[in-house]
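Peer 1: Structural data only, the sequence is not supplied:
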């Protein structure tokens, strides 16, 4: 679920795009579920949001390097 930067850099760009979409959907669902009934560990939301940001940052760096 939560990935390290080294794991993210090893992924291919297409896998990374798919993973960002899946994790974003998962994040949105987690936030909705948390608003209805609190999660056991609400810090998961913060960790997932940061993981998504790391993946998007890596995608942006790859985009800039290819130009």
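Peer 2: Ah, there it is. Model, not experiment: these values are computed from the prediction.

Peer 1: Phi and psi next, for residue 3.
Peer 2: phi -110, psi 150 (degrees, to the nearest 10).

Peer 1: Next, work out how far apart it and residue 51 are.
Peer 2: 6 Å (Cβ to Cβ, to the nearest Å). Just so you know, the C-beta spots here come from the backbone N, C-alpha and C atoms, and that holds for glycine as well.

Peer 1: Which residues are in contact with the residue nearest the centre of the chain?
Peer 2: Centrality entry for the chain: nearest residue to the mean C-alpha point is residue 52, 2.2 Å, by Cα atoms, centre = their mean. Neighbour list for residue 52: 20, 23-24, 27 [criterion: Cβ atoms under 8 Å, 6 or more residues apart in numbering].

Peer 1: That one sits in which helix or strand?
Peer 2: Assigned by DSSP states H and E, residue 52 falls within helix 43-66.

Peer 1: quick one: residue 31 and residue 48 touch, right?
Peer 2: No: applying Cβ atoms under 8 Å as the test, residue 31 and residue 48 come out as separate, 9.3 Å apart.
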